[in-house]
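Novice: Sequence first, then the predicted structure, then my questions.
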Amino acid sequence: MLVILFIIFGGLAIGCALNVVAQRNPLYCAISLIGVFLSLACLYLMLAAPFIAAVQIIVYAGAIMVLVVFVIMLLNVEEEEKRKIRMGYLVPAAVVLAAALIGEVFFVLWSVSPNPTLPASDIGLTSSIGSALFTTYLLPFEITSILLLMAIVGAMTLARRTESLPPGARVVPGAQVLALSDVDLSASHEVQTAIETDSTAEAGRLLGIVDHSKEDRD
């Protein structure tokens with residue numbers, strides 16, 4: 001029974017992995033990758049590693065793939081366009097490397113024979129991983145959590161860092177093309193004449209904005 005399940009889930013993992021490469025729509029590729037992760041989770045479960053199987057589903061098939069699908073839908077990525085292959089030598093190199101990988105897999109399956117006389121082990125079980133994580137590896141675990149917290153705080157600080165501006169200040173771009181209605185308020189909005197500026201100071205003069213920072217320095 002286990003052999004049949006292994007063949008089923010292994011075949012699903014291989015089929016979904018091939019579909020990831022073959023599909024031209026990024027969204028379908030991401031969905032196929034979720035199928036790969038779910039198949040691997042089933043294989044981990046068959047190997048008596050329920051914790052790794054749960055992590056595979058929660059972290060990879062759940063959080064990470066939700067982020068990938070969200071980015072794909074946010075960028076509105078359409079199907080990949082067919083383009084001329086610029087580095088054609090990579091195709092035969094990929095075929096050779098794939099053949100070497102498949103040959104290595106068959107060699108491992110042929111040379112390694114299962115030993116059913118091995119005693120039962122608790123390696124990979126949730127209880128054994130939890131005991132080792134909060135006893136032997138407690139210090140590295142806490143250091144990792146502190147590093148992640150520092151990275152989150154640093155990212156928030158960099159994202160919120162802004163210079164203080166005086167009340168009523170307006171941000172003027174540097175080199176920019178401005179509409180005539182922005183420069184001359186009396187001009188009609190239907191006028192599409194463009195006025196090009198090469199610096200922030202020039203754009204400020206055209207818009208009639210006073211440089212407060214220069215006045216403070218003076």
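Specialist: All right, it came through fine.
Novice: all strands in the chain, in order from the N-terminus.
Specialist: 176-179, 194-197 (DSSP state E).
Novice: The ones you listed: lowest mean pLDDT?
Specialist: Of all those, strand 176-179 carries the lowest average pLDDT, namely a mean of 59.
Novice: can you give me the helices for this protein?
Specialist: Assigned by DSSP state H, the helices in the chain fall at 2-22, 26-46, 50-55, 65-75, 90-111, 126-133, 138-160, 180-183, 200-207, 212-217.
Novice: Let me know which of those helices is tucked in deepest.
Specialist: Across the helices of the chain, the average number of neighbours (mean count of other CB atoms under 10 Å) peaks for helix 26-46, which reaches a mean of 18. Quick note: C-beta positions are derived from backbone N, CA and C, even for glycine.
Novice: helices and strands around that one, which ones?
Specialist: helix 2-22, helix 50-55, helix 65-75 (3 or more CB pairs under 8 Å, 6 or more residues apart in numbering; DSSP states H and E).
Novice: quick check: angle from the first one to helix 26-46?
Specialist: Between the axes of helix 2-22 and helix 26-46, defined by axes from the mean of the first three to the mean of the last three CA atoms, to 10 degrees, the angle is 160 degrees.
Novice: again, but for the last one
Specialist: For helix 65-75 and helix 26-46, the angle between their directions (the same axes, to 10 degrees) works out to 180 degrees.
Novice: Please enumerate residues in contact with helix 65-75?
Specialist: Here helix 65-75 makes contact (CB atoms under 8 Å, 6 or more residues apart in numbering) with 26-27, 30-31, 33-34, 37.
Novice: give me that answer again for 6 Å
Specialist: Outside helix 65-75, the residues that touch it by CB atoms under 6 Å, 6 or more residues apart in numbering are 26-27, 30, 34.
Novice: Next: the first one.
Specialist: Residues from elsewhere that reach helix 2-22, judged by CB under 6 Å, 6+ apart: 29, 32-33, 35-36, 39-40, 42-43.
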